[in-house]
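**Student:** next come a sequence and a model predicted from it.
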Amino acid sequence: MRHLLGIEGLRRSDIEALLDRAEAHLHGSPDASHVLRGKVVANLFFEDSTRTRTSFEMAAHALGAEVLNWTMAGSSVSKGETLLDTARNIEATGPVALIIRHRSSGAPHLVARHVRCAVVNAGDGTHEHPSQGLLDAFTLRRRWGKLDGRTVLIIGDVLHSRVARSNLHCLTALGAKVVLCGPPTLLPPGLEALGARVTSRLDDVLPEADAVMCLRVQSERQSESFFPSAREFSRLFGLNAARAERLKPEALVLHPGPMNRGVEIAPAVADGPHSVILDQVAHGVAVRRAVLEVVCR
Ligand code: CP
């Protein structure tokens, strides 16, 4: 695998090999600290990030690499420098991989066609966030052993969610059933063709779920008159304590972060017994080590 641009199109065996390698890293793979020694990994984040940027940085350090943390603030983007010129100039300094987050869907794909080093998509617009899909699947696999036959309910702002798209591809490839649930205004057409069951009837599907993933309501991508407002969303689709009571006792609750506490998820649920949200973050480092190891090979 030269780049990681998306989960769509990866074979089950590719995904499982990455998750198996992440498992080895979680247990302290004995020979990983020299894998990228003397190499540089460049983080190019054109959008803000807490979890993805820091965990790619930690993953690169754990493999022995130096990390260049480029951010848009303070860069020559303010003078009109393009995405491609920025990426090619950073590449000229010699990194083995560019980790790219951008608000435009397809931005890392464009860069990958014009550079020689590896490119990893760290979230492109509303398209994909492949390392998030992998770490979510990894978190579920560690709890269940395998995903075949399990039902994962993804609730909320599917329309704007690159996390939902990567999870849909990843979870179905691993044999899980994916149910996407949200208000009709936040459910784009064509999801059934990708293998999902789609519904707006949250209370009907909650008891079926082996895991529930709440998506962040991306208010920044909605106008003021958008339906539903955050308050309406919370009432109609928020995972609150009453709804959590209707989950299977062993059901897992995930959220990719950052959370809008009190909107898509209540604090009592985010911090409650079903939650594996901080496990997701911890697993992100091991999964991103596996990704870097594979694309920088
Ligand atoms: N899940 C995720 O992408 O979080 P960050 O925006 O903090 O990287």
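**Tutor:** All right, it came through fine. Numbers count the residues shown, from 1 in each chain.

**Student:** phi, psi for residue 149 please.
**Tutor:** Torsion angles at residue 149 (phi, psi; degrees, to the nearest 10) stand at phi 80, psi -10.

**Student:** neighbours around it, how many?
**Tutor:** 10 (other C-beta atoms under 10 Å). For every residue, glycine as well, the C-beta is placed using N, CA and C.

**Student:** verify the stated contact: it with residue 177.
**Tutor:** Yes: the criterion here is C-beta atoms under 8 Å, and residue 149 meets it with residue 177 at 7.5 Å.

**Student:** is it true that residue 241 touches residue 270?
**Tutor:** No: using C-beta under 8 Å, residue 241 is not in contact with residue 270, being 10.8 Å away.

**Student:** so these two - more neighbours on which side?
**Tutor:** The residue with more neighbours, out of residue 241 and residue 270, is residue 270; 20 against 11, by other C-beta under 10 Å.

**Student:** thought residue 261 was touching that one, still the case?
**Tutor:** Yes: with contact defined as C-beta under 8 Å, residue 270 counts as touching residue 261 (6.3 Å).

**Student:** quick check: closest non-adjacent residue to residue 295.
**Tutor:** Leaving aside its sequence neighbours, residue 295 sits nearest to residue 118 (C-beta to C-beta, 6 or more residues apart in numbering; 3.9 Å).

**Student:** would you say residue 152 is within a strand?
**Tutor:** Yes: the assignment for residue 152, made by DSSP: H, G, I helix; E, B strand; the rest coil, places it in a strand.

**Student:** spit out the contact partners of the nearest residue to it once chain neighbours are set aside.
**Tutor:** Closest residue to residue 152 in three dimensions, ignoring its sequence neighbours and counting by C-beta to C-beta, 6+ apart: residue 211, at 4.8 Å. By C-beta atoms under 8 Å, 6 or more residues apart in numbering, the residues touching residue 211 are 140, 150-153, 251-254.

**Student:** any idea what residue 211 is bridged to?
**Tutor:** Beta bridges link residue 211 to residue 152, residue 252 when assigned by DSSP bridges.

**Student:** mind checking how far it is from residue 271?
**Tutor:** 17 Å (C-beta to C-beta, to the nearest Å).

**Student:** same deal with residue 43?
**Tutor:** For residue 43, the distance to residue 271 (C-beta to C-beta) stands at 29 Å.

**Student:** how deep is residue 128 tucked in, by neighbour count?
**Tutor:** Residues lying near residue 128 (other C-beta under 10 Å) number 29.

**Student:** contacting residues for the closest residue to the ligand within the stretch 151-297 of the chain?
**Tutor:** Proximity of the stretch 151-297 of the chain to the ligand (C-beta to the nearest ligand atom) peaks at residue 256, 3.8 Å away. Contact analysis of residue 256 by C-beta under 8 Å, 6+ apart lists 51, 129, 132, 136, 163, 213, 215-216, 280.

**Student:** try 10 Å this time
**Tutor:** 51-52, 123, 129, 132-133, 135-136, 161-164, 166-167, 213-216, 277, 280-281, 284 (C-beta atoms under 10 Å, 6 or more residues apart in numbering).

**Student:** neighbour count for residue 43 and residue 271, which is higher?
**Tutor:** Comparing residue 43 with residue 271 by other C-beta under 10 Å, the one with more neighbours is residue 43, at 25 against 12.

**Student:** please enumerate the strands of the stretch 151-297 of the chain.
**Tutor:** All strands of the stretch 151-297 of the chain, identified by DSSP state E, counting those that start in this stretch, fall at 151-155, 177-181, 197-199, 211-214, 252-254.

**Student:** which other helices and strands contact the first one?
**Tutor:** Put plainly, it is strand 151-155. Counting contacts by 3 or more C-beta pairs under 10 Å, 6 or more residues apart in numbering; DSSP states H and E, strand 151-155 packs against helix 130-144, helix 162-173, strand 177-181, strand 197-199, helix 202-205, strand 211-214, strand 252-254.

**Student:** by mean pLDDT, flag the weakest helix or strand of the protein.
**Tutor:** Using mean pLDDT, DSSP states H and E, helix 230-237 stands out as the lowest-scoring helix or strand of the chain, at a mean of 94.

**Student:** for it, buried residues please.
**Tutor:** 230, 233-234, 237 (16 or more other C-beta atoms under 10 Å).

**Student:** which residues are contacting that helix?
**Tutor:** Here helix 230-237 makes contact (C-beta under 10 Å, 6+ apart) with 155-157, 181-183, 186, 200, 202, 214-215, 217, 219, 222, 226-229, 238, 240, 243, 260, 262-266.

**Student:** now it - C-alpha only, CSV.
**Tutor:** The C-alpha coordinates for helix 230-237 follow below in CSV (Å, rounded to 0.1, in the frame of the first residue of the first chain):
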residue,chain,number,x,y,z
ALA,A,230,-28.9,21.7,17.8
ARG,A,231,-31.7,21.8,20.3
GLU,A,232,-34.1,19.9,18.0
PHE,A,233,-31.3,17.4,17.2
SER,A,234,-30.7,16.8,20.9
ARG,A,235,-34.4,16.1,21.5
LEU,A,236,-34.9,13.9,18.5
PHE,A,237,-31.6,12.1,18.0
